[in-house]
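**Student:** model this:
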Amino acid sequence: MAPFLYYDSICAANVDGGIQSDEDFTGQIYAGVDLDLEKLCGCDSTIMKVSMVERHGESISESVGGIYDPMCIFGGQVGYLYQLWVEKTFCENWAMKFGRVSADTDFANNNLYRYSLSTAINGPIRAMLLENIITSFPYPVWGGRLKYSSNDRNQLQVGVYQIGESMWDFRKHGLDFSIRDDDGVSLLVQYDWTPQVCERPARVSLGMVKSFFEFDNFTGGGATDQFLRLYTHIEMELFEGTRTFLFASHSDEGQVAKTPVQISVGINRKGLIPNRPDDRTVFFATYGELSDEYGVSVGESVDYEGVFELGHRVQICPTLYVQPALQYVVHPGGTGDIANSTILGAWIGAAF
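**Tutor:** As a prediction, the model looks like this:
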């Protein structure tokens, strides 16, 4: 049995541009337990995870006016039962997981994204959330995933997850276990390859999401009952302590996809400052192209939103960090009618 407890908080201020000046604070508690069911009750190669999340505070997102939230731990400011799943490993190379979970636990996500304050990077590829084809932390749904690892460098995952009108309903506190007649499903497939390039570790992920649900078209002309999005992630260690990545996502279905194209890049440098080996300096940039059909639905001409972020994580001790950050949002909302926004923020995280 391995209990865990984390506390995270972000304070941020829109100091220039956007819709209006604003400052606010948001925080969350993430706690739970990892259970080894082989030791506890003799279930071979089986683990279980139970967790809860409590969120509080507010975000400055509405004052910025963008499609990406500059405070990534905002959303559903209540307490949730989050994870409740069991995973069994069998035949050495196979693992099956099932229960209450969000798809970004295993798909369309990467540890390098978690150093960003903005949802443009942090979490799963944001375009998927904007069109409601998956949920993310801390919104649970019924889901399952089958993983096959042929060796240390190759891994294939296939997952199926519930989607529907109630997938973002935080008022049920994660306790709505129902499956409704009008719910849909998203099928996710992801292949991961982790080679050595010039004797440096690298990673390539190729994925797709195929969703089956009645998606309302932006233009009001009926609905789309199937939806496809493709994505890729590429990362590499440039030299000791420095990793860079690129991810991209694309869908041809602009009548449903709010951002048909999203491209993001990032660099993560560990130990940039002498005598601070555990600190990290990060830079991220995101381009999110908005669909013409979405523009018609809001009565605006839209093009893209861009987000740039520079931050430095000060690792005070192994269980505590502070990360000041500067964000600059270009074309908030994609219309060009809102002034570019400058945001100052800081993330404080602790593990207990």
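**Student:** give me the most central residue, this protein.
**Tutor:** By C-alpha atoms, centre = their mean, the chain has its centre lying nearest to G123, at 1.4 Å.
**Student:** tell me how many other residues crowd the nearest residue to it once chain neighbours are set aside.
**Tutor:** With C-beta to C-beta, 6 or more residues apart in numbering as the criterion, G123 has its nearest non-adjacent residue at 5.0 Å, and that residue is S136. In short, each C-beta sits where N, CA and C put it, glycine included. Per other C-beta atoms under 10 Å, the neighbour tally for S136 reads 21.
**Student:** S136 - that's part of a helix, no?
**Tutor:** No. Counting by DSSP: H, G, I helix; E, B strand; the rest coil, S136 is located in no helix; its state is coil.
**Student:** OK, contacts around the residue nearest to the centre of the chain?
**Tutor:** When contacts are counted by C-beta atoms under 8 Å, 6 or more residues apart in numbering, G123 touches C72, D104, N109, Y113, L129, S136, F137.
**Student:** the first one sits in which helix or strand?
**Tutor:** What it means is C72. Per DSSP states H and E, C72 falls between elements, in no helix or strand.
**Student:** roughly how far does it sit from L206?
**Tutor:** Relative to L206, C72 is positioned 25 Å away (C-beta to C-beta, to the nearest Å).
**Student:** comparing those two, which shows the higher neighbour count?
**Tutor:** Set C72 next to L206 and count neighbours by other C-beta under 10 Å: C72 wins out with 24 against 14.
**Student:** confirm for me that T342 is in contact with L326.
**Tutor:** Yes. Using C-beta atoms under 8 Å, T342 makes contact with L326 at a distance of 7.5 Å.
**Student:** just to check, A103 is in contact with V158?
**Tutor:** No. Using C-beta under 8 Å, A103 is not in contact with V158; the gap is 11.8 Å.
**Student:** tell me how far the residue nearest to G123 lies from D104.
**Tutor:** In this view, S136 and D104 are 4 Å apart by C-beta to C-beta.
**Student:** and what of V296?
**Tutor:** Separation of V296 from D104 (C-beta to C-beta): 30 Å.
**Student:** coming back round to it: now render the contacts of G123 as JSON lines, adding distance to A13 and pLDDT.
**Tutor:** Below are those laid out as JSON lines (distance: C-beta to C-beta, whole Å; pLDDT from 0 to 100):
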{"residue": "C72", "distance to A13": "16", "pLDDT": "96"}
{"residue": "D104", "distance to A13": "28", "pLDDT": "94"}
{"residue": "N109", "distance to A13": "28", "pLDDT": "94"}
{"residue": "Y113", "distance to A13": "23", "pLDDT": "95"}
{"residue": "L129", "distance to A13": "25", "pLDDT": "88"}
{"residue": "S136", "distance to A13": "25", "pLDDT": "92"}
{"residue": "F137", "distance to A13": "25", "pLDDT": "92"}
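**Student:** which helix or strand contains L310?
**Tutor:** strand 304-317.
**Student:** so for that strand, mean pLDDT?
**Tutor:** The average pLDDT within strand 304-317 is 97.
**Student:** which of the residues in it are buried?
**Tutor:** Y304, E305, G306, V307, E309, G311, H312, R313, Q315 (16 or more other C-beta atoms under 10 Å).
**Student:** now swap in stretch 161-176 and tell me
**Tutor:** Across stretch 161-176, burial judged by 16+ other C-beta under 10 Å covers Y161, Q162, I163, G164, M167, G174.
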